[in-house]
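Undergrad: from the sequence below, what's the structure:
(2 chains)
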2 protein chains.
Amino acid sequence: MSTDETNKPGFSLSKFLIGRPLETTALPHQRVTKRVGLAVFASDALSSTAYATEEILIILALAGTGASTLGVSIPIAVAIAILLAIVTISYRQTIFAYPNGGGAYIVARDNLGELPAQIAGAALLTDYILTVAVSISAGVAQITSGFPDLLPYRVEIAIGVILLMTVVNLRGVRESGQIFAIPTYFFIVTMFATLVVGIVRALSGSLDTVTGVEVVHSTSQSLTLFLILRAFSSGCTALTGIEAISNGIMAFKEPRSHNAAVTLVWMSTILIVLFLGITFMAHQVGALPSETETVISQIGRTVYGENSILYLLVLAGTALILLMAANTSYADFPRLAALAAGDGFLPRQLTYRGSRLVFSWGIMGLAALASLLVIAGNARTTFLIPLYAIGVFLSFTISQTGMVIHLRKIGQLKPGEVVQGREAPLEYDPNWRLKMFISGFGAVCTGIVMIIFAVTKFTSGAWFVVVLIPTLVFIFFRIHRHYQRVAQALSLEGVPVDVSPRLVQTIILVDDVHAETVRLVNFAKSLGHPWHAVHVATNPDKIDAVRAKWEQRIGEGELVILPSPFRLLADPIREYIEELQAGSPDSYVHIIMGHLAMPTYWEQALHQNTAVVFNLTLSRMHNIAVTNVPYQIPHSHLK
Amino acid sequence: MSTDETNKPGFSLSKFLIGRPLETTALPHQRVTKRVGLAVFASDALSSTAYATEEILIILALAGTGASTLGVSIPIAVAIAILLAIVTISYRQTIFAYPNGGGAYIVARDNLGELPAQIAGAALLTDYILTVAVSISAGVAQITSGFPDLLPYRVEIAIGVILLMTVVNLRGVRESGQIFAIPTYFFIVTMFATLVVGIVRALSGSLDTVTGVEVVHSTSQSLTLFLILRAFSSGCTALTGIEAISNGIMAFKEPRSHNAAVTLVWMSTILIVLFLGITFMAHQVGALPSETETVISQIGRTVYGENSILYLLVLAGTALILLMAANTSYADFPRLAALAAGDGFLPRQLTYRGSRLVFSWGIMGLAALASLLVIAGNARTTFLIPLYAIGVFLSFTISQTGMVIHLRKIGQLKPGEVVQGREAPLEYDPNWRLKMFISGFGAVCTGIVMIIFAVTKFTSGAWFVVVLIPTLVFIFFRIHRHYQRVAQALSLEGVPVDVSPRLVQTIILVDDVHAETVRLVNFAKSLGHPWHAVHVATNPDKIDAVRAKWEQRIGEGELVILPSPFRLLADPIREYIEELQAGSPDSYVHIIMGHLAMPTYWEQALHQNTAVVFNLTLSRMHNIAVTNVPYQIPHSHLK
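TA: Numbers count the residues shown, from 1 in each chain, chains lettered A, B, ... in the order given. Below is the predicted model of the structure:
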């Protein structure tokens, strides 16, 4: 997208969609309270409760759909909740250690070096893309649970939502932070209400079990440890999003770290209660894994009844928070991509802020890749889950390992000593050993889960991520090396600067002799260097006419005819320039050509645009300069 | 496709696929005999017998699939055969009148003027695209009749065939004219053999009726005249391709017109016999219209038995000639498009011959449009047939009307008089009245059929063509007007040529100060005009560093900093140039910028390529010249 489109007068589609351009000085420094912060940062984490239970059940269903088999989901959920508590405590420490933002990339870069940082970066970027794909697929699944007629259009709906979200984010959404509060709290309230009503009805004996569910194809494998570990790792998607607050500490009001830490604890508590509650309630109503109806929908309609408005509110709340969760990746992905690009590991274009001060290329790249995943997976969450969460757990592990190193540095300080580190101040802390143990324990736990995940899901898709992340890291380092080499090659450090004038040989490219040619000759003469004209004879029948018109209309300067038996434009010119250069090394050959600029794109398309072909070839040559002299035909002449 | 890619050393994919470039002087002047000419030009016409009968039956099936209803196909086929004879006699006259090629476009342009010529052009171009789509869809249907397992992949197979055919045609196929003889004669022999064996078995009473056909959904409409006319117009697709010889007279050995005329009569005779024979035999075996098996396949397996090798040969022969028929459009479409483009009614690029002397853009345009149709129609012939043939009959009508005018001109000559017309010599002919009557009668007949076609097929798709052709004609004339206006605006006719030198103000665009910047300063100093440098401050934090490096490294010339609060590149430059121009009208502003040329595309993509943005904006300005100075970083520095 050209950022130069935005200031044109008249109607502009991009201005209509994206809004008026913003000045650089308008970069917002808005800060959020704990209450708004919870809404903004919790949507990703809380929304995973919408599918985590279901994904556990889908794996368990491979061993049959009996109540005792599916009941294994309860101890699995408890194990996940414990893991969640460990990670929360560990991340709480990161929040205090990195008050300016302690994402895995920054913590790794600060403590572990470039390679772990790039691995964390690759893992996170992959997972942000997957978050968009998974959350939107799951959100659409809630909608189609309530309105099964929409089921055949789920891919189209999902792509439509991605497009809408892309436009909203290209406008920039920070000013609307408070809007996020509504769906998050709406979801929390409806889900808690559903759980409470469900428990009351269960205790009073009036809760039925769910009926009419089109169950997934179940097999009768035996319930092996491997299968239970697979179900556990599927359920671990509940932990995704928990790192969001540590990335976004800067957005909180002072005292930043304190507020962020309190919000994190609140978020984790709500998440654990919701996840355990949903898993328990799913067991109570006998919810079954299904391709056409989500577990949340089964709980909702069993608790409230199929035609209840409350049931639809549950679906709406769940769909909304899932879409909000996708939206958080629209903030995180471009920011992390810009960070890595600033370090020279991703294309530099990702650091540019568009007309609305957002990282436009990052937003569009995320949208394109997530759309591809949604299409490839036919908007089914289950297809995407095996790809998901490896990256998250990899970044958890790297981040907490980084914290171990960070705390060891702190332990080496003298009591009371404060040192300014690269990313954050280091201050002696008497509890450093305990904290280091906690981070280390977290790292070990998440590392083990990551390995369980990679092993149990390897054949169902995790292999792709296992291959992808090293590939991305390799590419990142190739990009980095490229930028370093270019910088070295361009560096003037210790190089003598010689700008003494050199000979300039000017040639004018002539296709035909008309008003545009006169302009070229006029410019060449105005420059005042020796010049002559060159015509590439792609059509031998035209030579005589061109020569005659040159004599008659221009009447000065030599016109050289270059034969072109293969009707090529650029090759004869290239050879001719090489001859000129051979005769006078160290000189510049200056090629002047016309460019017929048309007022509209379709009119431009009707012309040869040979300049493009020439520029492509000539840009590979040394010691030349290529001048395009635009010639506009007034719009009035073309009407 | 860049025609400049072909001469690079080393392996080139395009050279591998398309072949080595050919010199312009290699344009072939090969001439074909009647026998080869029949094979080359008849494939399109003869191949239509593969689906014409079937399309009649599909319409009749709307009134039921009883033998008496489907038997109406016999009188319909006879009527079509008579129409075919009339058109053949009329086209035979065209061949003698236009010995240099008498396609509808040329005959209309010569006798009726630009508008009818463009209508004929639009109609023919549309139909060439449809010929590719219909023939390949029908050819794939023959293959899937024999191998029903391939049915789900018919779109993929069809697209694959189009791609293959595109590559073959980009290579240029004229040298292989004789190769065409094999499938055409193979088809003629296998079909005649099938008909003869079928008739013998029918007379001896050993011919069964076909079984196991999955019949199309039939309704029980009554057999109205409207329905019969609809079936008739569907069957008229048998006439498509008959005009091919009159387009290609130039390809025949001398005496050209005589040889072409003899070939035309032979072709039409074979076509009539095959079409009537297939329709009759379809009735004999009780062939039923089906989505999954073609009528040819039903005849073949009834006559020879399902597992007979002869049955597979019939399918192979039919599939082959259908693919050959599609191939003829690959010759006709680009040639007609180049003709119309030469007249200025289509983009001029269509007149360029690629490295292999074929009209590359035309071939690729045809392939793209035909692929779209195949995908839209799911490779089903029945979807495409209502779009087809209107264009053919429209061009028949225009062509024969043109002949009426042509013959009237001849009638106005004195006996024995010869006049040189624009496209062909006019020579007095005592039989001009009879010939004019024949052409006129042909025009009326084909005109009526066209109207029947448009009316009876209007709702099932013909409306699209009825809208499309006028739209195309409108676009053609818009293009024509554009080229005329541009030519007028560029004309130097009666305009005084003033090339007296003007003031040149030079500015250098500086993003950062490094080796590339030194090159720019060196070039500006070599030109010897007053110059200064300009830095657009998209990142205000960089200004001081750039200014310091400029002082330290360059140390001469002024560096102007342009603020850019909206981070735009081109707009501040545009405003600055406008200021310079306001201070000194009539001068040139010469903008010099660098272009970091990378050895590979992916490396290039890692750089900002701001030159593209600049060129886009600057090309809209007056009295400027934009110089790109390419700067290459040696490949060895990037390894």
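
Undergrad: low-confidence ranges, the stretch 451-600 of chain A, go.
TA: Confidence mapping of the stretch 451-600 of chain A against pLDDT under 70 gives zero matching residues.

Undergrad: quick one: the helices in it?
TA: Read by DSSP state H, counting those that start in this stretch, the stretch 451-600 of chain A holds these helices, from start to end of the chain: A:463-490, A:515-527, A:543-549, A:570-583.

Undergrad: just those: most buried one?
TA: Mean neighbour counts were taken over the helices of the stretch 451-600 of chain A using mean count of other C-beta atoms under 10 Å in any protein chain shown, and the top value, a mean of 21, falls to helix A:515-527. Every residue, glycine included, has its C-beta placed from N, CA and C.

Undergrad: that one vs helix B:515-527, what angle?
TA: Helix A:515-527 runs at 80 degrees relative to helix B:515-527, counting by axes from the mean of the first three to the mean of the last three C-alpha atoms, to 10 degrees.

Undergrad: need the contact partners of helix A:515-527.
TA: By C-beta atoms under 8 Å, 6 or more residues apart in numbering or on different chains, the surrounding residues in contact with helix A:515-527 are A:506, A:508-510, A:531, A:533, A:553-554, A:556-557, A:590, A:592-594, A:596, A:627, A:629, A:631, B:489-492, B:495, B:497-504, B:527, B:529, B:588, B:625.

Undergrad: ok, now stretch A:459-475?
TA: Contacting residues not belonging to stretch A:459-475 are listed as A:115, A:118-119, A:122-123, A:125-126, A:383, A:386-387, A:390-391, A:394, A:453-454, A:458 [C-beta under 8 Å, 6+ apart].

Undergrad: same check on stretch A:389-396?
TA: Counting contacts by C-beta under 8 Å, 6+ apart, the residues outside stretch A:389-396 that touch it are A:87, A:104, A:119-120, A:122-124, A:126-127, A:130, A:233, A:236-237, A:239-240, A:243, A:442-443, A:446-447, A:449-450, A:453-454, A:457, A:462, A:465-466, A:469.

Undergrad: please redo it, this time with the cut-off set to 6 Å
TA: The set of residues external to stretch A:389-396 that reach it, using C-beta atoms under 6 Å, 6 or more residues apart in numbering or on different chains, is A:104, A:120, A:123-124, A:126-127, A:236-237, A:240, A:446, A:449-450, A:453-454, A:462, A:465.

Undergrad: and those, which is closest to chain B?
TA: When these are ranked by distance to chain B (C-beta to the nearest C-beta), A:Thr126 comes first, at 20.2 Å.

Undergrad: tell me where the stretch 301-450 of chain A has helices.
TA: If you assign secondary structure with DSSP H, counting those that start in this stretch, the helices in the stretch 301-450 of chain A sit at A:309-342, A:360-376, A:381-384, A:390-411, A:432-456.

Undergrad: ok, the nearest residue to A:Gly103 once chain neighbours are set aside - how many residues close by?
TA: Sequence neighbours aside, A:Asn247 is the residue nearest to A:Gly103 in space, at 4.2 Å (criterion: C-beta to C-beta, 6 or more residues apart in numbering or on different chains). One way to gauge burial is a neighbour count; for A:Asn247, by other C-beta atoms under 10 Å in any protein chain shown, it gives 22.

Undergrad: would you agree A:Asn247 is in contact with A:Tyr105?
TA: No: distance between A:Asn247 and A:Tyr105: 8.9 Å, which falls outside the contact criterion (C-beta atoms under 6 Å).

Undergrad: what is in contact with those two at once?
TA: In terms of C-beta under 6 Å, 6+ apart, A:Asn247 and A:Tyr105 are not both contacted by any residue.

Undergrad: next helix or strand past the helix or strand bottoming out on mean pLDDT in chain A?
TA: Confidence across the helices and strands of chain A bottoms out at helix A:13-18, with a mean of 63, counting by mean pLDDT, DSSP states H and E. Once helix A:13-18 ends, the next helix or strand along the chain (criterion: DSSP states H and E) is helix A:34-47.

Undergrad: in that following helix, what counts as buried?
TA: Residues of helix A:34-47 classed as buried under the neighbour-count rule (16 or more other C-beta atoms under 10 Å in any protein chain shown) are A:34, A:36-47.

Undergrad: name the member of those residues with the shortest distance to chain B.
TA: Distances from chain B to the buried residues of helix A:34-47, taken as C-beta to the nearest C-beta, are shortest for A:Val40 (26.2 Å).

Undergrad: could you find the closest non-adjacent residue to the most centrally placed residue in chain A?
TA: Taking C-alpha atoms, centre = their mean as the criterion, A:Leu366 is the residue nearest the geometric centre of chain A, at 3.4 Å. Here the nearest residue to A:Leu366 in space, its sequence neighbours aside, is A:Phe333; by C-beta to C-beta, 6+ apart that works out to 4.5 Å.

Undergrad: the one you found: neighbour count?
TA: Here the neighbour count serves as a burial measure; for A:Phe333 (other C-beta under 10 Å) it reads 28.

Undergrad: isn't it right next to A:Ala367, touching?
TA: No: at 9.6 Å, A:Phe333 does not count as touching A:Ala367 under the criterion of C-beta under 6 Å.

Undergrad: contacting residues for the closest residue to A:Gly146 other than its chain neighbours?
TA: Once flanking residues are discounted, A:Gly146 sits nearest to A:Leu315: 4.6 Å by C-beta to C-beta, 6+ apart. Contacts for A:Leu315 were tallied using C-beta under 6 Å, 6+ apart; they are A:Gln142, A:Gly146, A:Ser297.

Undergrad: for A:Gly212, state which of the residues you listed is nearest.
TA: Here the nearest of the contacts of A:Leu315 to A:Gly212, counting by C-beta to C-beta, is A:Ser297; it sits at 11.4 Å.
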